[in-house]
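Chemist: Show me the folded form of this:
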Amino acid sequence: MTPDDLAQEFEEHDVDYYLDEMLDAVPDDIDKREGSVIYDAIAPAALVMAQENLRMATIIKETYVKTADGEFLDYRAQERGTERYAATQTEVKAKITDSDGNSINNVQIGDQFASIGETPIFYTVTQIYDDLTVAMTADDPGTTPNGYLGQILPVTPNDELSWAEITEIIAPARDEETDDHLRARLLGSDDWIAYGGNVSDYLAMTNKISEVGATQVYPVWNGAGTVKLVILNNNLMPANKELVKKVKNLVDPSDVEAQGYGIAPIDHQVTVVAPTALPVDIATNIQIDGQHGADVVKQQINDKLSEYFKNLRADWHVIDPKTGRGYAMTIYRSKILAQIMQIEGVVNATIPTLNGAAQDVQLVFNNDESQLPILGKVTLNE
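Modeler: Coordinates of the predicted model:
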């Protein structure tokens, strides 16, 4: 009997089960109809026993990583020497000017700003650059601020300020790790033991850096003792220069490379880069039924393909299951066609071309280059 079977058995022993069991033990010459003295005496006990069975089923489920959730899963994670990844805060760059459009110099670290809209996002200035642009961090953790660019309003009074806007997302945030993701990480931890600078160890290092969304590791990429880390941000897009520099300094500082002053082992010279974005243009002929507007259907196709490519990027860092080492990813025309055919209103479509060619796209993953799939131009001919 498996734990799932045992939990199911407890759940199936409900009020009716215990009531029937106890009434069957009562002699037939005694009135045991509903409303009788014996029935009314037994029914509360059956209810309590059924409730205890539900609690027992819950205990069984929460005992094992495979079925635990919430805080119970957090406890199991602590037993494995890890914990749920916390939500992080979005870091942005902002430009603040006077009425003449010139950057002002009286903004202080700690000053606060807010986005416009019904539900404002609040930011705090954390750094002032030489060109008087500023870095700010969203006060609340989570991914909501990742999508906001544009005007912000001062919360801290500033008489010189005429205009302020967020111009760039420096480091997108991530939400708190879900139960499913944490569970998968715990169940997979025995396959790859992080130790002494192996691939799993470097993955564990970068997973702890809150701004890093995914990592590919290329060991001995440029000779003995060399390691290349290719990283994405939390939006699963290529890391910018600031994030690349931060990870490099944390793992293996540039001024003391391979000397063990970062979190990399001694004698490991670590290079940190972002992947090469590979835009994939898609072209196909589609047939739309007469009940759906063409513009609406085409927008839904674009949205569906954007989601599909985001899912591809979510698997970008997964070790090649066929070899157990390195990375491999192919964008199949048949799978893109399947995505298009799922859209309501599309009755037929031709197998699409990718980047102008009638063939699948195999991404390059080697010591010299690591490609990241990005949805390019989508051409939908009727």
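Chemist: CA atoms only for stretch 163-179, dumped as PDB, please.
Modeler: Coordinates of each C-alpha in stretch 163-179 appear next as PDB, following Å, rounded to 0.1, in the frame of the first residue of the first chain:
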ATOM      1  CA  TRP A 163       9.200  65.500 -14.600                       C
ATOM      2  CA  ALA A 164      10.200  62.000 -13.600                       C
ATOM      3  CA  GLU A 165      10.000  58.800 -15.400                       C
ATOM      4  CA  ILE A 166      11.200  55.200 -15.300                       C
ATOM      5  CA  THR A 167      13.300  54.500 -18.400                       C
ATOM      6  CA  GLU A 168      14.600  51.000 -17.800                       C
ATOM      7  CA  ILE A 169      14.000  47.900 -15.800                       C
ATOM      8  CA  ILE A 170      17.500  47.100 -14.400                       C
ATOM      9  CA  ALA A 171      16.600  43.900 -12.700                       C
ATOM     10  CA  PRO A 172      13.200  42.300 -13.000                       C
ATOM     11  CA  ALA A 173      11.800  40.800  -9.800                       C
ATOM     12  CA  ARG A 174      10.500  37.300  -9.300                       C
ATOM     13  CA  ASP A 175       7.500  36.000  -7.400                       C
ATOM     14  CA  GLU A 176       7.800  33.700  -4.400                       C
ATOM     15  CA  GLU A 177       8.600  30.200  -5.500                       C
ATOM     16  CA  THR A 178       5.500  28.100  -6.000                       C
ATOM     17  CA  ASP A 179       4.900  24.700  -4.300                       C
END
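Chemist: what mean pLDDT would you report for that stretch?
Modeler: When pLDDT is averaged along stretch 163-179, the result is 93.
Chemist: quick one: buried residues of stretch 96-110?
Modeler: For stretch 96-110, burial by neighbour count (16 or more other Cβ atoms under 10 Å) applies to Ile96, Thr97, Asp98, Ile104, Val107. C-betas here are computed from N, CA, C, even on glycine.
Chemist: List just the nearest of the residues you listed to His317.
Modeler: Ile96 (37.0 Å; Cβ to Cβ).
Chemist: excluding its backbone neighbours, what's nearest the closest one?
Modeler: If you skip the residues right next to it in sequence, Ile96 has Ala164 as its closest partner in space, 4.5 Å away by Cβ to Cβ, 6 or more residues apart in numbering.
Chemist: follow-up on the earlier one: between the buried residues of stretch 96-110, which is closest to Tyr332?
Modeler: Distances from Tyr332 to the buried residues of stretch 96-110, taken by Cβ to Cβ, are shortest for Ile96, at 47.7 Å.
Chemist: Mind jotting down where the helices sit in the protein?
Modeler: Ranges of helices within the chain are 3-12, 15-24, 37-63, 70-79, 179-188, 199-207, 241-251, 294-314, 333-341, based on DSSP state H.
Chemist: Which one of those helices lies nearest to Ile170?
Modeler: The stretch from the helices of the chain with the least distance to Ile170 (Cβ to Cβ) is helix 241-251; that distance is 5.7 Å.
Chemist: average model confidence for the closest one?
Modeler: Across helix 241-251, the average pLDDT comes to 94.
Chemist: mind giving me the domain ranges of the chain?
Modeler: Following automatic domain parsing, one gets these domains for the chain: 3-63, 91-171, 192-273, 277-381.
Chemist: Now do the first one: distance to the chain's middle.
Modeler: For domain 3-63, the separation from the chain centroid amounts to 43 Å (computed by Cα atoms, centre = their mean, to the nearest Å).
Chemist: first vs last residue of it, how far apart are they?
Modeler: Terminal residues of domain 3-63 lie 9 Å apart, using Cα to Cα, to the nearest Å.
Chemist: In the stretch 101-250 of the chain, where is pLDDT below threshold?
Modeler: Using pLDDT under 70 as the threshold, the predicted model of the stretch 101-250 of the chain has low-confidence ranges 189-194.
Chemist: Next, the distance between the ends of stretch 170-181.
Modeler: As for stretch 170-181, its first-to-last residue distance stands at 25 Å under the measure Cα to Cα.
Chemist: Pull the residues that contact it.
Modeler: 69-70, 73, 84-93, 135, 138, 141-143, 145-146, 210-211, 213, 233-235, 240, 242-243 (Cβ atoms under 8 Å, 6 or more residues apart in numbering).
Chemist: Would you mark the buried spots in stretch 47-64?
Modeler: Judged by neighbour count using 16+ other Cβ under 10 Å, the buried positions of stretch 47-64 are Met49, Ala50, Asn53, Met56, Ala57, Ile60, Lys61, Glu62.
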